[in-house]
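Novice: Predicted coordinates and the sequence they were generated for:
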Amino acid sequence: MNEIRRNGAHDDTWSVFRIMSEFVDGYENLRTLHPAVSIFGSSVLQEDSKYYQMARTIARKLSDAGFAIISGGGPGIMEASNRGAQEGGSKSVGLNIEIPTEQKANKYQDLSLHFRYFFARKVMFVKYASAFVIMPGGFGTLDELFESLTLIQTHKIFEFPVVLVGSEFWGGLIDWLLSGPIRTGTLEKDDLKIFSLTDNPDEVVRIIKEGYEKVRRSTAI
């Protein structure tokens, strides 16, 4: 909320117009982007990381399968995702964000949009995606993961595939979900069925293709 509050009360009205412009710009540029997959992950994992290479491979395979790829537009896993998309046959999209640490846009974007507000950007990640791929990352990646799971759990969006990649990285989190929230009853075991975990790029593609077809059939009825 600081991104709004810091402007002061006299700027509130103009903030509304800036927010509206970001939504309009996103809707206008992404409305024909379908199907697409949003890929999330750390900005600090570079080309020598196995997860960078996995993200690149997954994006290329999904792109060849007909899915556009949406990333946060920055370095690391985001760069790997856009890079893999360009090596495939579908569009590569980056949703860049203005932050104090100055995110630098990667060079592998066919369509590059720029956002000031995180919440407007997050709507675009969800609204135009048929699946989420969650690579290892930090708070931003965790935020996207849990927000997507919450939206699916509460039936605010269709139950599209959410695929965690990297059992070594995500295993501890899943163990905690079992020993913490599920053990205390704040989550149900069936809630863990909302997402999948794999280390195999081909399995990622299979899960997403099957999930996409399932949603497409259900919405056509």
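Specialist: Cool, got the structure. Residues are numbered from 1 along each chain as shown.
Novice: tell me which residues form a beta bridge with the residue minimising distance to the centre of the chain?
Specialist: Central residue of the chain (CA atoms, centre = their mean): Ser38, 3.9 Å from the mean position. Going by DSSP bridges, Ser38 is paired in beta bridges with Ile70, Phe132.
Novice: With Gly166 as the reference, measure out to it.
Specialist: 17 Å (CB to CB, to the nearest Å). Yep, even glycine has a C-beta here, placed from its N, CA and C like the rest.
Novice: likewise Leu149?
Specialist: Where Gly166 is concerned, Leu149 sits at a distance of 17 Å (CB to CB).
Novice: cool, and Ile99?
Specialist: Taking CB to CB, one finds Ile99 at 25 Å from Gly166.
Novice: The residue nearest to the centre of the chain: what's it in contact with?
Specialist: For Ser38, the contact set (CB atoms under 8 Å, 6 or more residues apart in numbering) comprises Ile70, Ser71, Phe125, Val126, Tyr128, Ala129, Ala131, Phe132, Val133, Glu144.
Novice: Which is the succeeding secondary structure element to the lowest-mean-pLDDT helix or strand in the chain?
Specialist: The helix or strand of the chain with the poorest confidence is helix 2-5; it has a mean of 51 (mean pLDDT, DSSP states H and E). Using DSSP states H and E, the next helix or strand after helix 2-5 towards the C-terminus is helix 12-30.
Novice: So which elements touch that following helix?
Specialist: Applying 3 or more CB pairs under 8 Å, 6 or more residues apart in numbering; DSSP states H and E, one finds that helix 12-30 makes contact with strand 111-115, helix 118-127.
Novice: show me where the chain has helices.
Specialist: 2-5, 12-30, 50-64, 77-87, 118-127, 139-153, 167-177, 183-184, 201-220 (DSSP state H).
Novice: could I get these as TSV with mean neighbour count?
Specialist: Listed next are the helices of the chain as TSV, based on neighbours: other CB atoms under 10 Å:
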stretch	mean neighbour count
helix 2-5	11
helix 12-30	14
helix 50-64	22
helix 77-87	27
helix 118-127	18
helix 139-153	16
helix 167-177	13
helix 183-184	10
helix 201-220	15
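Novice: can you tell me which of those comes nearest to Asp110?
Specialist: In terms of CB to CB, the element of the helices of the chain nearest to Asp110 is helix 77-87, at 7.0 Å.
Novice: helices or strands up against the closest one?
Specialist: strand 36-40, helix 50-64, strand 68-71, strand 92-97.
Novice: CSV please, covering those and showing mean pLDDT and distance to Ile157.
Specialist: Below are those laid out as CSV (pLDDT from 0 to 100; distance: least, CB to CB, whole Å):
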stretch, mean pLDDT, distance to Ile157
strand 36-40, 98, 12
helix 50-64, 98, 19
strand 68-71, 98, 15
strand 92-97, 96, 17
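Novice: Throw these into CSV and include distance to Val24, thanks.
Specialist: Shown next, in CSV, are the helices and strands packed on helix 77-87 (distance: least, CB to CB, whole Å):
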stretch, distance to Val24
strand 36-40, 19
helix 50-64, 27
strand 68-71, 18
strand 92-97, 15
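Novice: right, so of the ones you listed, which gets closest to Phe118?
Specialist: Distance to Phe118, taken as CB to CB, is lowest for strand 92-97 among those, at 6.5 Å.
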